[in-house]
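> Sequence and predicted model, in that order:
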Amino acid sequence: MGFPKHRPRRLRQTETMRRLVRETRLTVDDLIMPLFVRPGKGIKQPIPSMPGNFQMSVDVLVEEAKVLQGLGIPGIILFGIPEKKDEMGSDAYSDEGIIQKAIIAIKKEVKEMLVITDVCMCEYTSHGHCGFIKRDEKRGHLDVDNDMTLELLAKESVSHVQAGADIVAPSDMMDGRVGVIRDALDEKGFEHIPIMAYSAKYASGFYGPFREAAESTPGFGDRSSYQMDPHNALESLREVALDIEEGADIVMVKPALSYLDIIRMIKDRFNYPIAAYNVSGEFSIVKAAAEKGWIDEKRVALEILTSIKRAGADMILTYWAKDAARWLKNK
Ligand code: PBG
């Protein structure tokens with residue numbers, strides 16, 4: 001065979017020419033910034049395991065949302081640390097809840113910003129699990145009660161949307177939750193509100209720093225009974241198919257980096273918008289290495305985000321959203 005005589009290698013010579021033939025374009029339009037909100041006033045408390053990220057009180061959060069909007073970032077996703085946690089995670093669906101207050105404040109002042117809310121119980125329950133806990137009397141162990149949790153998730157979603165959320169993102173991985181949330185929203189006249197489903201959410205060690213940030217480490221056991229096994233790929237196709245059938249508008253893969261093959265498979269199989277969550281651990285390992293001077297953070301971060309986009313993600317939830325927006329502007 002041999003090489004053809006005329007290869008288009010000349011197109012690689014200069015940056016300007018490379019720009020013309022580039023296949024993947026990472027832009028600020030792809031980015032969603034996760035933010036953590038807690039009660040209080042004037043609070044901007046650093047999260048040690050995630051440098052550059054903070055637990056913020058609502059007033060500080062609103063200012064941050066303004067800055068992000070100014071940078072052209074289209075959306076934020078909110079995580080709440082409630083005043084107090086209980087067994088039923090009641091702050092999650094209270095109209096006076098921390099997330100509800102945050103949404104109302106942001107919507108008043110930062111009009112263009114899409115506010116996405118993480119719908120889950122783990123930040124609000126005293127045991128740190130993603131749902132209501134029951135004891136299996138026969139087998140003597142504790143487990144999440146899937147169906148009881150569905151009701152609470154539906155209540156939580158409606159309450160977020162009533163406060164002004166633009167998109168709800170259920171991250172709990174209970175079976176059937178997308179359908180139940182869709183029905184609950186429709187019933188209240190919120191047919192137009194999209195659901196971004198965490199469809200392929202793996203039981204991952206990469207969530208470690210987030211659990212410190214959201215104070216949501218499970219008090220006992222782990223989340224393997226409701227999150228996916230990292231060894232499985234085809235299962236993610238079944239999860240996505242179910243979520244789409246139940247009414248998901250955007251499907252998510254999480255984490256992103258160890259699951260780029262999953263993103264590509266879903267992209268090839270379903271003609272649906274895909275979100276990828278570039279999670280806390282993926283961010284923190286780069287930060288830590290950069291602090292030691294072992295790698296160039298900006299270069300590596302943009303390479304990671306580009307790889308997620310190249311794998312097929314239409315949007316990326318990332319703690320680099322703010323930095324990346326600046327980097328992409330000054331490129
Ligand atoms: C659950 C939730 C988690 C993350 C987002 N939503 C934690 C978990 O499943 O344990 C993790 C995000 C990250 O690590 O950045 N509400």
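Thanks, I have the structure now.
> Tell me who's in contact with the closest residue to the ligand within the stretch 51-200 of the chain.
Nearest residue of the stretch 51-200 of the chain to the ligand: C120, at 3.4 Å (CB to the nearest ligand atom). No exception for glycine: its C-beta is placed from N, CA and C like everyone else's. Shown in contact with C120 (CB atoms under 8 Å, 6 or more residues apart in numbering): 92, 130, 153, 170-172.
> which one of these is nearest S159?
A92 (8.1 Å; CB to CB).
> Hmm, M121 and that closest one touching each other?
Yes. Judged on CB atoms under 8 Å, A92 makes contact with M121 at a distance of 5.8 Å.
> Now do the nearest residue to P39 once chain neighbours are set aside against E215, distance only.
Among residues not flanking P39 along the chain, E83 sits closest, at 4.8 Å (CB to CB, 6 or more residues apart in numbering). As judged by CB to CB, to the nearest Å, E83 and E215 stand 12 Å apart.
> Check V115 too.
According to CB to CB, V115 stands 22 Å off from E215.
> Equivalent analysis for R310, please.
Counting by CB to CB - R310 and E215 are separated by 34 Å.
> and the helix or strand encompassing T306, what does it pack onto?
Using DSSP states H and E, T306 sits in helix 297-311. When contacts are defined as 3 or more CB pairs under 8 Å, 6 or more residues apart in numbering; DSSP states H and E, helix 297-311 sits against helix 260-269, strand 274-278, helix 280-291, strand 315-318, helix 321-329.
> same thing but at 6 Å, please
Counting contacts by 3 or more CB pairs under 6 Å, 6 or more residues apart in numbering; DSSP states H and E, helix 297-311 is packed against helix 260-269.
> CA atoms of the helix it packs on as PDB?
Output in PDB follows, covering the C-alpha atoms of helix 260-269 (Å, rounded to 0.1, in the frame of the first residue of the first chain):
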ATOM      1  CA  LEU A 260     -15.100   8.600  28.000                       C
ATOM      2  CA  ASP A 261     -15.900   5.300  26.300                       C
ATOM      3  CA  ILE A 262     -19.400   5.400  27.900                       C
ATOM      4  CA  ILE A 263     -20.000   9.000  26.600                       C
ATOM      5  CA  ARG A 264     -19.000   7.900  23.100                       C
ATOM      6  CA  MET A 265     -21.200   4.800  23.200                       C
ATOM      7  CA  ILE A 266     -24.200   6.800  24.300                       C
ATOM      8  CA  LYS A 267     -23.600   9.500  21.700                       C
ATOM      9  CA  ASP A 268     -23.400   6.900  18.900                       C
ATOM     10  CA  ARG A 269     -26.500   5.100  20.100                       C
END
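> tell me the angle that helix makes with helix 297-311.
40 degrees (axes from the mean of the first three to the mean of the last three CA atoms, to 10 degrees).
> Contacts for helix 260-269 next, please.
Applying CB atoms under 6 Å, 6 or more residues apart in numbering, the contact partners of helix 260-269 are 200, 233, 236-237, 240, 253, 274, 276, 311-313.
> average model confidence for that helix?
Helix 260-269 shows an average pLDDT of 98 in the prediction.
> Could you do stretch 29-46 as well?
On average, stretch 29-46 scores 97.
> Could I get the buried residue list for it?
Under the neighbour-count criterion of 16 or more other CB atoms under 10 Å, stretch 29-46 has 30-39, 43 buried.
> go on, stretch 54-72?
54-58, 60-62, 64-65, 68-69, 71.
> how about these in CSV, adding secondary structure, distance to I104 and pLDDT?
Shown next, in CSV, are the buried residues of stretch 54-72 (DSSP: H, G, I helix; E, B strand; the rest coil; distance: CB to CB, whole Å; pLDDT from 0 to 100):
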residue, secondary structure, distance to I104, pLDDT
F54, strand, 20, 97
Q55, strand, 19, 97
M56, strand, 15, 98
S57, coil, 14, 98
V58, helix, 9, 98
V60, helix, 15, 98
L61, helix, 12, 98
V62, helix, 10, 98
E64, helix, 16, 98
A65, helix, 12, 98
L68, helix, 18, 98
Q69, helix, 17, 98
L71, coil, 23, 98
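> circling back to that earlier point, counting neighbours, go ahead and name the busier of V115 and E215.
Of the pair V115 and E215, V115 is the one with more neighbours under other CB atoms under 10 Å, namely 23 against 15.
> from the middle of its chain, how far away would stretch 29-40 be?
Per CA atoms, centre = their mean, to the nearest Å, the displacement of stretch 29-40 from the mean C-alpha position of its chain is 10 Å.
> right, is it up against the ligand?
No. Applying CB under 6 Å from any ligand atom, one finds stretch 29-40 separated from the ligand by no less than 6.5 Å.
> who touches that stretch?
Contacts of stretch 29-40 (CB under 6 Å, 6+ apart): 55-57, 61, 68, 73, 75-81, 83, 98, 102, 213, 315-317, 321-322.
> Quick one: buried ones out of these?
Among the contacts of stretch 29-40, those buried by neighbour count (16+ other CB under 10 Å) are 55-57, 61, 68, 73, 75-81, 98, 102, 213, 315-317, 321-322.
> buried ones in the helix holding T306?
For helix 297-311, using 16+ other CB under 10 Å, the buried residues are 297, 301-302, 304-309, 311.
> Would you map the strands across the stretch 151-300 of the chain?
In the stretch 151-300 of the chain, the strands defined using DSSP state E, counting those that start in this stretch lie at 167-170, 196-201, 250-254, 274-278.
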